[in-house]
Each structure stands twice: as C-alpha cells, then as structure tokens.
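Undergrad: After the sequence you'll find the predicted model.
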Amino acid sequence: MKARVTVTLKSGILDPQGKAIEGALKSLGVDGVASVRQGKVFDIEISGSDKAKTEAALKDAADKLLANTVIENYAIEING
Amino acid sequence: MKSAVLVFPGINRERDMARALKLASGQEAAMVWHAETALPDGTDLVVVPGGFSYGDYLRCGAIAARAPIMDAVRAFAAKGGLVLGVCNGFQILCESGLLPGVLMRNAQLKFICRDVHIRVERSDTAFTRGYNAGQIIRVPVAHGEGNYEADEETLKRLEGEGRVLYRYCSADGVVDEHSNINGAAQSIAGIVSERGNVLGMMPHPENHVEDIMGCTDGRGLFAGLVAHLERAA
C-alpha cells in the first residue's frame, strides 16, 4: 500500500522558516499571500493489505520518529 | 570519574569532549559506538557530544535519539546516573525524552558560531558545583538550532523547580532580548531533568578548558562533576 504522512507544526509554534518563505513570496509579488507554514511530507510504501493494521503501523512510525509531537501534528493518508 | 562518550555518525566534538574529561578527571573516557547496547561497567558519567548526527536529517538529534545505545542511556539515567548532553547532545536528549522541550531553529535563522556569556543560576547541582551561583562564564556556541522552546506549563515547572542551570546573558550578566542569542524561551541555555541527573546545554564548555584555548571558564563544569562523584563515593 502507498501512504502519505504529512507533518505540520502545531498552531502557535513559531515557524521562522515559514516566515522567511512568506517574505520571499511577498517580495516576488505573488498575489494575496497571507501566511506560510512549512511542513514535511513522507511517502511510504508499506506491505500488507489490511487498512486498519497499516494505519496503526503508520501511527506508530509517526509517534516514534516522523513527528515530534511536542511541536508537530501529523496526518495519515492511505491510498489503497 | 569513569566517563563514556557516545559516538554517532556525524558527531564531531567527541574528541574535544574526551580531552576535557581526561584533563578534569585524569582518566581516559571510553568512546561508545551508537550501535552498542550496553555502557561500559562502572560508568559514572555518560556524555552525548556535539556535532551533526546523521546530518541533522529529519530533525536535529531525532535519529540518534532512537539508536540502540540510547536504551542503555535511558536505563542508566533512570537509576540516577549522570548524563551530560552538549549542543547536538542536548537536541538528542530532548528527542529521546530524557529532557522536556525542543530545540528550534535560531530565531534569526542564522548559524551562530562565537563566544557567548552564560549565567550559572545555582551552584548546588552536580553540573554547577564548580561555579558560584550568579557567576558569568564565557563559552563558545556553534549551532543553528539552539532556540529552546517548551509549552508554558513545562517552562513554569522548569523555573519553579530551579531546573534552568544556565542562561544566556551579557558580559556583565544582564539577561535580556539582546543577550538571548538564539531567541530561546527565557534565555535558557541549559536545563536539568526532574531528578537533576541529566543536563542538556547548547554552549560548549569542553572548548574552554585549556589556556591555549584562550579561556578556561568551561573547566568548572567538569571539575564540579569530578568533585560531585568523589563526594558521593
């Protein structure tokens, strides 16, 4: 199965990199940019066909390593 | 003092650390590879040195924090063993759950490599015994992610329990926005665990221990640890 784990900073956590990107977009004259928050995307291929088991394994991966849950949230997406 | 210095791929301050430990204790430190599952018998102090473990991939210290040796370090700390993490070592200790909070990107988005001043907040701990409370020491920093952050409740606990041992300050001891080099919450440069046996700090005391380095302000930390262990023995 193919899955995607998206890790984003929790709201309220200062994101200096996002701010720098936001500044660059504004200086490029991109219209209407209000704010930018930066995150990470992990595309993972995982064996097995049981969706619930896969989701549990990915949750384990995110909690143990992919995200630092002190400052980050994550979302899991499984695409068959 | 029998010390064990952990070695991860991408670490680069382990030899500076071993040299400082030898200078303070007269004993050679054991270098312990990350894939080991046990610390040498009779270890008094575990040091997680600075550098760029695993190229800072994912998050600084994230991958090293999950290395096999870290289970042994957690067990050692749970029994009250002394653990010191410097720079990347501090990041690794936070990622491994041995210390609360996280080291974020420096607020100015710049890598900072220079001497800074830090204030020793108290002298009655294993890691500050070699200094006086309120003493200002000069030590180098070299980091891009040293901006300590934690949730409000954790910060309150750290302050309330006197667990902030080192704080960024000016040469004359003023703690303010200007002397807070990386934007850390409450100018925090170093904190200890609840039991006081695990210290994480961003500055490098091991790089100011010999006259040839231009300053010996870092010696107190190591001398204090030796004195602490001698008293305990």
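TA: All right, it came through fine. These figures come from a predicted structure and were not determined experimentally. Numbers count the residues shown, from 1 in each chain, chains lettered A, B, ... in the order given.

Undergrad: Would you check the distance separating the lowest-mean-pLDDT helix or strand in chain A from the middle of the chain?
TA: The least trusted helix or strand in chain A, going by mean pLDDT, DSSP states H and E, turns out to be helix A:16-27, with a mean of 91. Its chain's C-alpha centre and that of helix A:16-27 lie 18 Å apart, by Cα atoms, centre = their mean, to the nearest Å.

Undergrad: Can you list the buried residues in it?
TA: A:16, A:18, A:21-22 (16 or more other Cβ atoms under 10 Å in any protein chain shown). Every C-beta, even on glycine, is put in place using the N, C-alpha and C of the backbone.

Undergrad: go on, stretch B:161-170?
TA: Going by 16+ other Cβ under 10 Å, stretch B:161-170 has these buried residues: B:163-169.

Undergrad: One more: stretch B:25-36?
TA: Buried residues in stretch B:25-36, counted by 16+ other Cβ under 10 Å: B:25, B:29-32, B:34.

Undergrad: quick check, nearest of the buried residues of helix A:16-27 to chain B?
TA: For the buried residues of helix A:16-27, the minimum distance to chain B (Cβ to the nearest Cβ) is 5.1 Å, reached by A:Pro16.

Undergrad: So that closest one sits against B:Arg105, correct?
TA: Yes: between A:Pro16 and B:Arg105 there is a contact under Cβ atoms under 8 Å: 5.1 Å.

Undergrad: what residues does chain B put near chain A?
TA: B:58-59, B:62-63, B:66, B:95, B:100-102, B:104-109, B:149-151 (Cβ under 8 Å from any Cβ of the partner chain).

Undergrad: ok, the helix or strand encompassing B:Val46: who's next to it in the sheet?
TA: Assigned by DSSP states H and E, B:Val46 belongs to strand B:45-48. Strand pairing for strand B:45-48, using DSSP bridges, gives strand B:3-7 (parallel), strand B:82-86 (parallel).

Undergrad: Save these as JSON lines, and put in mean pLDDT too.
TA: Formatted as JSON lines, the strands paired with strand B:45-48 follow (pLDDT from 0 to 100):
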{"stretch": "strand B:3-7", "mean pLDDT": "98"}
{"stretch": "strand B:82-86", "mean pLDDT": "98"}
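
Undergrad: Please identify the deepest-packed of these.
TA: Comparing these by mean neighbour count (mean count of other Cβ atoms under 10 Å in any protein chain shown), strand B:82-86 comes out on top with a mean of 27.

Undergrad: Packing partners of the next helix or strand after that strand?
TA: Sequence-wise, the next helix or strand downstream of strand B:82-86 (DSSP H and E) is helix B:88-95. If you count contacts as 3 or more Cβ pairs under 8 Å, 6 or more residues apart in numbering or on different chains; DSSP states H and E, helix B:88-95 packs onto strand B:45-48, strand B:82-86, strand B:102-104, strand B:198-201.

Undergrad: I'd like to know which of these is closest to A:Lys26.
TA: Nearest to A:Lys26, of all the helices and strands packed on helix B:88-95, is strand B:102-104, at 22.8 Å by Cβ to Cβ.

Undergrad: Mind checking what helix or strand follows that closest one in sequence?
TA: strand B:112-120.

Undergrad: Which strands or helices does that next one pack on?
TA: strand B:136-143, strand B:164-169, strand B:188-192.

Undergrad: hmm, who's touching the least confident helix or strand of chain A?
TA: A:9, A:33, A:35-38, B:104-109 (Cβ atoms under 8 Å, 6 or more residues apart in numbering or on different chains).
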